[in-house]
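*Asks:* Model the following, please.
(chains A, B, C and D)
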2 protein chains.
Amino acid sequence: MGVQMAVTIKDVAKQANVATSTVSRVISDSPNISDRTKRKVRKVMEEMGYHINLNARVLVQQSTQNIGIVMKDSTIESLHDPFFPVALQGISSYAHKRDFSISITTGETEEAIFRDVEKMVQGKRVDGMIVTYSKENDKVVPYLLKCGIPFVVVGKPVVHTDEIMFVNNDNVQAAKDATEHLIQLGHQEIAIILGDREFEITDSRLKGYREVLESNNIPINDAFIKQSTNMDCIKTILDELLALPVQPTAILGSDDLASLHIMSVLREKNIEVPRDISLISFNNTIVAELMNPTLTSVDTNIFQLGYEAARCIIEEIKERSTHTKSVIIPTKIRKRESTQPYKKVE
Amino acid sequence: MGVQMAVTIKDVAKQANVATSTVSRVISDSPNISDRTKRKVRKVMEEMGYHINLNARVLVQQSTQNIGIVMKDSTIESLHDPFFPVALQGISSYAHKRDFSISITTGETEEAIFRDVEKMVQGKRVDGMIVTYSKENDKVVPYLLKCGIPFVVVGKPVVHTDEIMFVNNDNVQAAKDATEHLIQLGHQEIAIILGDREFEITDSRLKGYREVLESNNIPINDAFIKQSTNMDCIKTILDELLALPVQPTAILGSDDLASLHIMSVLREKNIEVPRDISLISFNNTIVAELMNPTLTSVDTNIFQLGYEAARCIIEEIKERSTHTKSVIIPTKIRKRESTQPYKKVE
DNA sequence: TGTTTTAGTGCAAACGTTTGCTAAAAATCG
DNA sequence: CGATTTTTAGCAAACGTTTGCACTAAAACA
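*Replies:* The predicted structure follows:
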């Protein structure tokens, strides 16, 4: 083959002694073309090694069959967090079924990502977008809304919630389940380590945590509510928690990687999970199952989140359904070694 | 904005009272256009909210500024393996610098992936490709070679090695280092658990392992050389290893996730790492550092692998340099708790 | 002041498709 | 067998850019 000029629809047409339009219709298997002609043209296409130029097609059809994926800006540790790859796999899986391709943003900062999105959308390289996070002060979602391009967010949008398609877990419920589980085990002093407050998920989790404590008449201790923006501050947070007059006997970690980190820090301090402190986590990635001790984790079905997001956006693009549907993916707690009944004596 | 017709270069031209060619030249900041005209046109573009249609540009320029990324076919566990996301981040990082966008394959099986590649390449949606694996009986690489499209493989190509650009670790050396480390610690009975034999990396590792044993006059025990194609067979493999008359005192795991798995199985059997068996791994992902016990792992610099791959391919595309350069990314062993000196009494 | 150079723009043809409309050929019917 | 319908295929205009070439006005020169 080499780098030679590609064979076009015109070349095929000439060779097959038909018009370009005929070739085009053969490609789309139009019923207006007789089987005899189709066979003839297909044979020529085969012989000449013809392949369609998608850019040309996109230009006239105004449809790319491509969706853009917006990553959240990547700190070095979010790299290692299995959330994105698993969600991506879910997206891929459905997209492939529908013969859609995917492009992802490459920017590392919020502004760079925004420009990536602009370029994809304005450059007409995508038919729709999937935003894989939901956070406050985000510029991407309002922008997409303004553009009128189909999009879906993974997580619950913080603005215009009812105008935007989203797929999400019931994060309040997930946090409730987790907290409830600890209470069932007899824990009363329960700390929670949250992620960045800008993300919607953080607020919802906190809400669930609070509600369960209240309904169980357990006073809410603000000193037990901690926020870690990056992995490094986990150590500080644990230092603070352990310096309290009344120490927590159980902790909710924000995700499996953070929990792994928490456990690692506790180990350094010779505090043993679950003997001294119970630990519960979210996402139920494979590490939860393999860690030592194994980690109780709320399965958020990340793959499914991605899969449904892709389904939403592609159906929207294809069927142009006007109703902004949203889907909630169920969560399920996976009980493992890291959570054990509270024992009075430490 | 809404879904209304997009504003084109023609609209801008009309509004600004210039020719479309002038607008085009303003966009590319051509020196042939006076500053006065440039300002005028830019103002109109601004006012009308003009954005270029990249598909149209691609069609005439025959250059997409987009690179395609070929994933290896995804078993459910490779999903959770941090290799791909980290490599992707490395690729992204350089691509973004050069203002390239990226598209990734969505297929899950080998054939589906091959069709994705075909579609990207023949459809002229990419200027070049990055293949993120190297394995035998792979159809993608020969295909790309035949097409004459620029591409680079992460790993060492198994065919036409000298005609293909690649970025790789010295996997033989990496395995040597790891094995050597164990020998230094006094281990003689060293087992190795490898990945799929089809991948180049597996062979290289085995080679390194063998060479070091030989040069240390340690007889090679074929029963110590195991291959796990998926995570489930790790249990079987360990059963077999532990049933041997002479049991291994140290194991090389194929990557951190596999090692995590190995440790998990050993724990079930009440075999303690590193007390009973030392364990060394590859990739040095974040889990290695956080696991219990922490895991000795050979850092393969995955991010860098991706970064350099992107650099290679983009330079090739831009500069059309004919020499197929390849780069080797250094590895470095990170010693942690999982490898300890051999103690005679078990 | 007439002629040549230069700077700045415009015209129109590409790039490779799709698709509405029209025309020819084939099939059907009375 | 001629008239009518149906099938099949072609013409040409789009889609939104870029770019070689031609052209005009202004500037420089003689």
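*Asks:* Domains in chain A, by residue range?
*Replies:* Residue ranges for the domains of chain A, per automatic domain parsing: A:9-52, A:66-169+A:302-329, A:171-300.
*Asks:* would residue A:52 count as being in a helix?
*Replies:* No: when DSSP: H, G, I helix; E, B strand; the rest coil is applied, residue A:52 is found to be coil, with no helix at that position.
*Asks:* Run a quick neighbour tally on the closest residue to DNA strand D within the stretch 201-346 of chain A.
*Replies:* With Cβ to the nearest atom of the strand, the shortest gap between the stretch 201-346 of chain A and DNA strand D falls at residue A:317, namely 17.9 Å. (Glycine included, C-beta is placed from N, CA and C.) Residues near residue A:317, counting by other Cβ atoms under 10 Å in any protein chain shown, number 20.
*Asks:* What are the boundaries of the helices in the stretch 1-150 of chain A?
*Replies:* A:9-16, A:20-27, A:35-48, A:54-61, A:83-97, A:110-122, A:140-147 (DSSP state H, counting those that start in this stretch).
*Asks:* Mind putting those helices into TSV with mean neighbour count, distance to residue A:156 and mean pLDDT?
*Replies:* Formatted as TSV, the helices of the stretch 1-150 of chain A follow (neighbours: other Cβ atoms under 10 Å in any protein chain shown; distance: least, Cβ to Cβ, whole Å; pLDDT from 0 to 100):
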stretch	mean neighbour count	distance to residue A:156	mean pLDDT
helix A:9-16	18	47	93
helix A:20-27	19	43	94
helix A:35-48	15	49	93
helix A:54-61	17	33	96
helix A:83-97	23	15	94
helix A:110-122	18	20	96
helix A:140-147	18	11	96
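*Asks:* Can you lay out those helices as TSV showing distance to chain B?
*Replies:* Shown next, in TSV, are the helices of the stretch 1-150 of chain A (distance: least, Cβ to the nearest Cβ, whole Å):
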stretch	distance to chain B
helix A:9-16	13
helix A:20-27	12
helix A:35-48	12
helix A:54-61	4
helix A:83-97	4
helix A:110-122	3
helix A:140-147	5
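*Asks:* List just the one of the ones you listed that sits closest to residue B:265.
*Replies:* For residue B:265, the closest of the helices of the stretch 1-150 of chain A is helix A:83-97, at 23.0 Å, according to Cβ to Cβ.
*Asks:* So what touches that closest one?
*Replies:* Helix A:83-97 is contacted by residues A:67, A:69, A:71-72, A:78, A:101-102, A:104, A:130, A:132, A:154, A:255, A:283, A:285, A:302-311, A:314, B:74, B:79-80, B:82, B:84-85, B:104, B:106-108, B:112, B:116 when judged by Cβ atoms under 8 Å, 6 or more residues apart in numbering or on different chains.
*Asks:* Tell me which residues of the longest helix along chain A come out buried.
*Replies:* Taking DSSP state H as the criterion, chain A has its longest helix at helix A:302-319. Neighbour-count burial for helix A:302-319, counted by 16 or more other Cβ atoms under 10 Å in any protein chain shown, picks out A:302-317.
*Asks:* pLDDT of it, averaged?
*Replies:* Mean pLDDT, helix A:302-319: 95.
*Asks:* Against which helices or strands is that helix packed?
*Replies:* strand A:66-70, helix A:83-97, strand A:128-131, strand A:151-154, strand A:165-169, strand A:327-329 (3 or more Cβ pairs under 8 Å, 6 or more residues apart in numbering or on different chains; DSSP states H and E).
*Asks:* and it with helix A:83-97, angle?
*Replies:* 40 degrees (axes from the mean of the first three to the mean of the last three Cα atoms, to 10 degrees).
*Asks:* is any part of helix A:302-319 close to DNA strand C?
*Replies:* No: using Cβ under 7 Å from any atom of the strand, we find that helix A:302-319 stays clear of DNA strand C, coming within 14.3 Å at best.
*Asks:* Residue A:64: neighbouring residues, count only.
*Replies:* 24.
*Asks:* try residue A:63
*Replies:* Residue A:63 has 12 neighbours, counted by other Cβ under 10 Å.
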